[in-house]
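*Asks:* fold the following for me, if possible:
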Amino acid sequence: MKVKVRLFATLREYVPQAKIGATLEVELNDGASVRDLADHFKLPLDLVKLAYVNGIYQELDFVLKENDEIGLFPPIGGG
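*Replies:* Residues are numbered from 1 along each chain as shown. Next comes the predicted model:
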């Protein structure tokens with residue numbers, strides 16, 4: 001199945017083709033989860049703090065479907 005992914009902030013450092021604003025199309029096995037997607041990009045799981053699927057917050061074990069749009073975010077700090 002194909003899904004669309006955007007990586008934000010420091011997570012882009014792990015995927016050279018993930019430029020600011022770029023949406024990546026990824027082929028995953030049916031039944032793949034958000035965690036599987038993070039593993040696909042070799043992202044450290046402790047750095048994936050927020051995952052949005054089709055605009056809705058989801059846990060890492062959420063099972064993805066064809067054409068889902070996913071945004072992955074690292075911890076966010078502020079002052």
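
*Asks:* pass me the low-pLDDT residue ranges in this protein, would you?
*Replies:* Counting by pLDDT under 70, the chain shows low-confidence ranges at 77-79.

*Asks:* please report phi then psi for the most centrally placed residue in it.
*Replies:* Residue closest to the average C-alpha location in the chain (CA atoms, centre = their mean): L72, at 3.9 Å. Per-residue torsions, L72: phi -110, psi 130 (degrees, to the nearest 10).

*Asks:* show me the contacts for A9.
*Replies:* The contact partners of A9, by CB atoms under 8 Å, 6 or more residues apart in numbering, come to 73-74, 76. Bear in mind the C-beta positions are built from the backbone N, C-alpha and C, glycine included.

*Asks:* hmm, 10 Å instead?
*Replies:* Contacts for A9 were tallied using CB atoms under 10 Å, 6 or more residues apart in numbering; they are 20, 47, 72-76.

*Asks:* show me the two of the residues you listed that sit farthest apart.
*Replies:* I20 and P75 (18.7 Å; CB to CB).

*Asks:* and for G21, the neighbour number?
*Replies:* Per other CB atoms under 10 Å, the neighbour tally for G21 reads 6.

*Asks:* so it versus L47, what's the distance?
*Replies:* Distance, G21 to L47, using CB to CB, to the nearest Å: 20 Å.

*Asks:* how about V53?
*Replies:* V53 is 18 Å from L47, by CB to CB.

*Asks:* and A38, what element?
*Replies:* Using DSSP states H and E, A38 sits in helix 34-40.

*Asks:* from the contact counts, what lies against that helix?
*Replies:* strand 2-7, strand 24-27, strand 50-53, strand 69-73 (3 or more CB pairs under 10 Å, 6 or more residues apart in numbering; DSSP states H and E).

*Asks:* turn those into a markdown table, including distance to V63.
*Replies:* As requested, the helices and strands packed on helix 34-40 are exported to a markdown table (distance: least, CB to CB, whole Å):
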| stretch | distance to V63 |
| --- | --- |
| strand 2-7 | 11 |
| strand 24-27 | 15 |
| strand 50-53 | 10 |
| strand 69-73 | 12 |
